[in-house]
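1. Return a 3D structure for these sequence lines:
(one chain, ligands or ions: 1)
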Amino acid sequence: MQMDSSASPKSPSSPKTVGGYSFDVEAQESSDAGGGSPSVSSGAVCQRCGGQQQTVVFRQVTYEVRAGRGRARRWQPLLHDVSGYVAPQELTALMGPSGSGKSTLLDLLAGRKTAGRLAEGSSIRFNGRRPTSAMLRREVGYVEQTESLLPLFTPSEMLLYTSELKHPHTMPRKDKLQVVEALVDKLRLRDCADTTIGSSLARGISGGEAKRVSVGLTMITCPAVLLCDEPTSGLDSWNQHAVVEALRDLARGGIAVASSIHAPSPDTFALFDRVLILQRGRAVYFGDNGEACSRYFAEQFPALRPMRPWEGIADYVIDVTSSKQLGERAASEFADAYAASELCRSNEAEMEALLAAAPQRDGNGHKHSRARSLLQLGGPPGTITPWWYGLWVLFRFRSVRGYSRPSWLLPRALSPLIPVFLLATVYWGLGNNIDVAHVTSIAGVLFMWTTSAAYGSMGLMLYKLCEEFAVSLTVSVPYAIAVFYIVKLQGSLALFWLVDVVTTAVATVLALLVGALAPNQAVAGMALPMYTTSLLYFSGFLITWGNIPPYWIWYSVIAYLRYAWGALMVNQFEGDRNIPAYGGVPVLQYYDLEHVNKWAWLGWEALFFAAFVAAAWAALSLVRHQRR
Ligand SMILES: Nc1ncnc2c1ncn2[C@@H]1O[C@H](COP(=O)(O)OP(=O)(O)OP(=O)(O)O)[C@@H](O)[C@H]1O
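-> Next comes the predicted model:
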């Protein structure tokens, strides 16, 4: 295996610089021309963004999780003594049968593991340094098996949207656009750049194109290390090739790329520079791809069946090392043989050299120039844009997209018609009929008005809450006017409308809070209606204040619907309209609302909104449900 720790990366003759990013076409072309195994360079500068390249060296990685129950519970290793490296300018394949530990290793390198432990002696180093979580956020891009693209967007829009969110808001828009344009070219997405991404229900770009868009989203911030978990799964061989080709091009630009892959075609497999083969959590081969790989197996295991003429190296190696082919062989035979091999020793020596050559200073004598250059962008990607700018981007891209689609807008705009229709037809003209017999009906109208707002946001996806609220706010005006005048309600129309707006806002943020706190969708789907239904009992209408048991009074005090409905009741029945009812007791006294200031109660409800916003903010920042 070739290793030249002093060599510089393939130097571009004239890299094209775009908003701080440069894309090196020549390096890619020279490597396409068959320059052999790429050299490993330490301390070199990434040709794309001018940041420092990263070499990831992992040695004797043993990772264990708790398995079993009760007394049988013990630590079970998922990876055992796995060593290797991912070097800049190289594309490394992670291969092995299903369950061999490929995703586990990628997760460990990316710092995404939340469960289990690394055994003593395991080490993962980025340019010789133990990675911190901030460094991993900055330096590592991770492409998941399943992509989460927005179906109404085109690849260009998706990339620009991400660019807007992940770059500092002070970066000029034309630079962000140029970054996107350069990625579109680099990932060969030009032909589909303006085609809708689509979904399983509405056909859009191809699966391979979608994968390349996902890679592009990760590359927006120019990470030095790109890790991909089976980016070609579910793709035909043509699309598989296109995705791996794109990864190889990114690697040639200076990025260290590792990708797990299943059964690539020979042509596609040939794009990889280096291969790590895992079997049952142990390495059975780490070395150059191609001839070197097949030669290793032929020399180490002469008794193995020969490669068939139609077989690619990848298929052959996985076939002969996978457990079903082992027959009487011990499952660990390949791993033991590799651990004792000359190849393993030479890899160890290479890793030692890589760690020794790890750059502490860049060419200008500055420590960790990449870290610094990214900090100049405003900090780690998660916090790079202020919240108000993020919200603005969200509205600019997603809301405008949704609002212009009748299939998105109409159900949202028309769904409040149902409660409005019910209220209007059941209580037509009742509101100005100040009659004892109608007091409960009118109190019921007002109760229905608040509860329909409280339930309105229940089924919403979290990321859509903001744009949904904007629609609710707009459509609530005509609906509030319609109900107010058709039912002939009394008091202030403004208060009647504002109660609806604030209740919708509180319910929306509440949905966000419950979504952030609930460990999964099922719990959220149960908790939210249960909580809102419980509020109905304690808001003063179904059980009057005097009948609430003393030990539940506190719950009534914090039931936000109580303030909404109370304000509407006072609006309706204050002054002359506070007629004697229910055994001669005036309406507002009966409901314990006689001293209530309706605007103050609206204010209290608004305070609930502020409190829920703060709680949702904290929950979204602090609560992590992902377990890997
Ligand atoms: N948290 C965990 N607890 C227990 N077992 C786990 C855990 N995570 C992974 N495993 C097990 O570890 C093994 C390796 O899993 P991993 O997902 O890394 O395999 P893989 O090689 O990526 O498989 P595939 O190719 O099917 O995606 C599997 O047997 C899996 O069931």
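2. gap between the spatially most central residue of the chain and residue 235?
-> Closest to where the C-alpha atoms of the chain average out (CA atoms, centre = their mean) is residue 148, at 7.5 Å. As defined by CB to CB, to the nearest Å, residue 148 lies at a distance of 17 Å from residue 235. Where C-beta positions appear, they are placed from N, C-alpha and C, glycine not excepted.
3. Where do the domain boundaries of this structure fall?
-> Here the chain is described, according to automatic domain parsing, as comprising the domains 16-383, 405-622.
4. and the host helix or strand of residue 294, what's its mean pLDDT?
-> Taking DSSP states H and E as the definition, one finds residue 294 inside helix 291-300. Taken as a whole, helix 291-300 has an average pLDDT of 87.
5. any residues touching whichever helix or strand comes after that helix, and which ones?
-> In the C-terminal direction, the helix or strand that comes right after helix 291-300 (DSSP H and E) is helix 313-321. The contact list for helix 313-321 (CB atoms under 8 Å, 6 or more residues apart in numbering) reads 93, 95-97, 261, 263-264, 266, 269, 277, 279, 284-285, 289-290, 293-294, 297, 301, 304-305, 307-308, 311, 325, 334.
6. Of the residues you listed, select the buried ones using a PyMOL command.
-> Buried residues within the contacts of helix 313-321, as defined by 16 or more other CB atoms under 10 Å, are selected in PyMOL through the command that follows:
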select buried, resi 93+95+96+97+261+264+269+277+279+284+285+289+293+294+297+304+307+334
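7. The residue lying closest to residue 432 once chain neighbours are set aside and the ligand, how far apart?
-> Spatial nearest neighbour of residue 432, excluding adjacent residues (CB to CB, 6 or more residues apart in numbering): residue 488 at 4.3 Å. Distance from residue 488 to the ligand, counting by CB to the nearest ligand atom, to the nearest Å: 63 Å.
8. likewise residue 239?
-> The spacing between residue 239 and the ligand, counted by CB to the nearest ligand atom, is 19 Å.
9. who's in contact with that residue?
-> The contact partners of residue 239, by CB under 8 Å, 6+ apart, come to 206-209, 211, 232.
10. And the helices in the stretch 301-450 of the chain?
-> With DSSP state H, counting those that start in this stretch applied, the stretch 301-450 of the chain shows helices at 313-321, 323-326, 333-339, 342-356, 369-376, 387-394, 400-403, 406-414, 417-426, 439-456, listed in chain order.
11. between those, which gets nearest to the ligand?
-> helix 313-321 (10.7 Å; CB to the nearest ligand atom).
12. could I get that closest one in CSV with only the CA atoms?
-> In CSV, the C-alpha atoms belonging to helix 313-321 read as follows (Å, rounded to 0.1, in the frame of the first residue of the first chain):
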residue,chain,number,x,y,z
ILE,A,313,-13.8,-8.5,-6.7
ALA,A,314,-16.4,-7.1,-4.4
ASP,A,315,-18.9,-9.9,-4.9
TYR,A,316,-16.1,-12.5,-4.7
VAL,A,317,-14.6,-11.2,-1.4
ILE,A,318,-18.0,-10.8,0.3
ASP,A,319,-19.1,-14.2,-0.9
VAL,A,320,-16.1,-16.1,0.3
THR,A,321,-15.9,-14.2,3.6
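13. where along the stretch 101-250 of the chain do the strands fall?
-> Using DSSP state E, counting those that start in this stretch, the strands of the stretch 101-250 of the chain run over residues 117-118, 123-126, 140-143, 225-228.
14. The shortest one vs the ligand: in contact?
-> This means strand 117-118. No: between strand 117-118 and the ligand, judged by CB under 6 Å from any ligand atom, nothing touches; the nearest distance is 11.3 Å.
15. Quick check: mean pLDDT of that strand?
-> Throughout strand 117-118, pLDDT has a mean value of 89.
16. ok, and what's touching that strand?
-> Residues lying outside strand 117-118 but in contact with it, judged by CB under 8 Å, 6+ apart, are 61-64, 75, 108, 124.
17. quick one: strands adjacent to it?
-> According to DSSP bridges, the neighbouring strands of strand 117-118, each with its direction, are strand 56-67 (antiparallel).
18. helices or strands up against the one helix or strand residue 496 maps to?
-> When elements are defined using DSSP H and E, residue 496 is found to belong to helix 493-517. In terms of contact count using 3 or more CB pairs under 8 Å, 6 or more residues apart in numbering; DSSP states H and E, helix 493-517 is assigned the packing partners helix 439-456, helix 465-486, helix 521-537, helix 560-573, helix 598-622.
19. quick one, the second one and helix 493-517 angle?
-> Think helix 465-486. Angle, helix 465-486 to helix 493-517, by axes from the mean of the first three to the mean of the last three CA atoms, to 10 degrees: 150 degrees.
20. Now helix 465-486: average pLDDT?
-> Over the span of helix 465-486, the pLDDT mean works out to 81.
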